[in-house]
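Student: 3D model of this:
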Amino acid sequence: MPSSGRCLAALPVLALGLAACGTDAPAASSGPAPSSAAASTSSAAAAGPEDAVSTWVTAVLREEYQKACELTASPGDDLSKCSSPTATRTFRSLHEAWAKPGVTLPPQAPVKVSTTTAGGDAMSVPDTAITVDGHSLHDLMLIGSSGEGVGNFHLTLKLKQQDGSWRVSGLDLK
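Tutor: Okay, the predicted model is just below:
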């Protein structure tokens with residue numbers, strides 16, 4: 001199987017990996033949260049949903065996995081989970097799915113998010129609405145992949161507003 005095909009096949013484990021980062025999904029606790037970690041979470045929150053998505057995807061593409069994980073955490077979450085092998089594997093899988101040869105990555109090519117409309121304190125952004133270097137994340141995930149139903153695969157980022165700030169809170173894979 002080509003490496004990008006393996007990446008696409010590995011994407012279903014991502015929801016479990018994000019649970020290890022402190023998202024709304026249940027995850028095993030590894031102890032109390034350090035006070036300095038809680039402070040860094042609140043400073044990483046985004047003012048708007050587009051900014052939250054752009055900042056998070058940029059962190060993944062720049063291989064800043066600790067930062068990407070912290071951006072998914074709620075205030076007070078145990079950020080030591082962000083250093084776990086599961087969290088690292090999760091973000092590495094996303095990076096491999098999106099970072100393709102010939103595609104310019106951040107910071108040289110910014111991540112762009114189509115205008116979103118928030119309905120309350122939660123919303124979703126499809127992979128087709130997020131682009132880097134003119135390519136949607138959906139298209140990037142499909143490069144080099146083959147097989148029945150590959151084109152029907154979609155990833156949606158779930159966002160949540162908490163204390164006036166937006167963050168990526170999970171992934172929906174279909």
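
Student: listing request: residues of the protein with sub-threshold pLDDT.
Tutor: Residues of the chain that meet the criterion pLDDT under 70 lie in 1-45, 118, 149-151.

Student: what about the residue lying farthest from the centre of it, which SS state?
Tutor: Here the centre of the chain is the reference, and by Cα atoms, centre = their mean the most remote residue is E148, at 25.5 Å. Judged by DSSP: H, G, I helix; E, B strand; the rest coil, the three-state class of E148 is coil.

Student: do the one 10 residues further on as well
Tutor: Judged by three-state DSSP, the three-state class of K158 is strand.

Student: quick one, helices of this structure?
Tutor: All helices of the chain, identified by DSSP state H, fall at 3-10, 14-19, 35-44, 49-61, 65-72, 85-98, 137-142.

Student: what is the last one packed up against?
Tutor: Right, the one you point to is helix 137-142. Contacts defined by 3 or more Cβ pairs under 8 Å, 6 or more residues apart in numbering; DSSP states H and E place helix 137-142 against helix 3-10, helix 85-98, strand 130-132, strand 155-162. Any C-beta I mention is one placed from the backbone N, CA and C, and that applies to glycine too.

Student: list the buried residues in it.
Tutor: 137-138, 140-142 (16 or more other Cβ atoms under 10 Å).

Student: now the two most distant members of these.
Tutor: The most widely separated members of the buried residues of helix 137-142, counting by Cβ to Cβ, are L137 and L142 (9.9 Å).
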